[in-house]
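[1] Provide a 3D model corresponding to the input given below.
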Amino acid sequence: MSGNGLVQVVSHYSVEETVRRLEAAFAEKGLRVFAVIDYSGEAEEVGMKMRATKVVIFGSPKGGTPLMVALQAWQLICR
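    Next comes the predicted model:
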C-alpha cells in the first residue's frame, strides 16, 4: 500500500482471466460488480494502443450505502 488506500497485487494470469477470477471471487463473497471499465478497449476504438488495462468497480450496496449516506451527512455539516 502506498498511502492512498490502494492495494496492488501482481497477477500471474492474463487481464481477461484475472477479471474473470475477480468477478467469481466477488460473487462468492456476496459482493456486486458494478462495472468493468476497459481502458485499452476504449483506446483501441479511437485508434490508439495501450497495454491491456481494466478497472473493476465492486462493492456491497448493503454495507456501502450506510457509509456513503453518513459521509454525505458529514460533508453537509462541515460546509
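[2] CA only for contacts and neighbour counts going forward, please
    OK.
[3] Secondary structure element holding the spatially most central residue of the chain?
    The residue lying closest to the centre of the chain (CA atoms, centre = their mean) is residue 57, at 2.6 Å. If you go by DSSP states H and E, residue 57 is part of strand 54-59.
[4] May I see the buried residues of that strand?
    Buried positions in strand 54-59, judged by neighbour count with 16 or more other CA atoms under 10 Å: 54, 58.
[5] what inclination does the next helix or strand after it have with respect to strand 54-59?
    Downstream of strand 54-59, the next assigned helix or strand under DSSP H and E is helix 61-77. Angle, helix 61-77 to strand 54-59, by axes from the mean of the first three to the mean of the last three CA atoms, to 10 degrees: 90 degrees.
[6] So what touches helix 61-77?
    Helix 61-77 has contacts (CA atoms under 8 Å, 6 or more residues apart in numbering) with residue 32.
[7] can you give me how far that helix is from the chain middle?
    19 Å (CA atoms, centre = their mean, to the nearest Å).
[8] sorry, back to before: check the offset of the strand holding residue 57 from the chain's centre.
    Distance, centroid of strand 54-59 to centroid of chain: 2 Å (CA atoms, centre = their mean).
[9] on that earlier part again, how near is the residue nearest to the centre of the chain to residue 46?
    Separation of residue 57 from residue 46 (CA to CA, to the nearest Å): 23 Å.
[10] which regions of the protein lie under the pLDDT threshold?
    For the chain, the stretches with pLDDT under 70 are 1-2, 79.
[11] again, only using 90
    Low-confidence segments of the chain (pLDDT under 90): 1-9, 61-79.
[12] and residue 25, what helix or strand is that in?
    Per DSSP H and E: residue 25 is located in helix 15-28.
[13] Packing partners of that helix?
    strand 32-38, strand 54-59 (3 or more CA pairs under 8 Å, 6 or more residues apart in numbering; DSSP states H and E).
[14] Can you lay out the ones you listed as TSV showing distance to residue 65?
    What follows is the helices and strands packed on helix 15-28, written out as TSV (distance: least, CA to CA, whole Å):
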stretch	distance to residue 65
strand 32-38	13
strand 54-59	10
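[15] Residue 7 is nearest to which of these?
    The stretch from those with the least distance to residue 7 (CA to CA) is strand 54-59; that distance is 13.2 Å.
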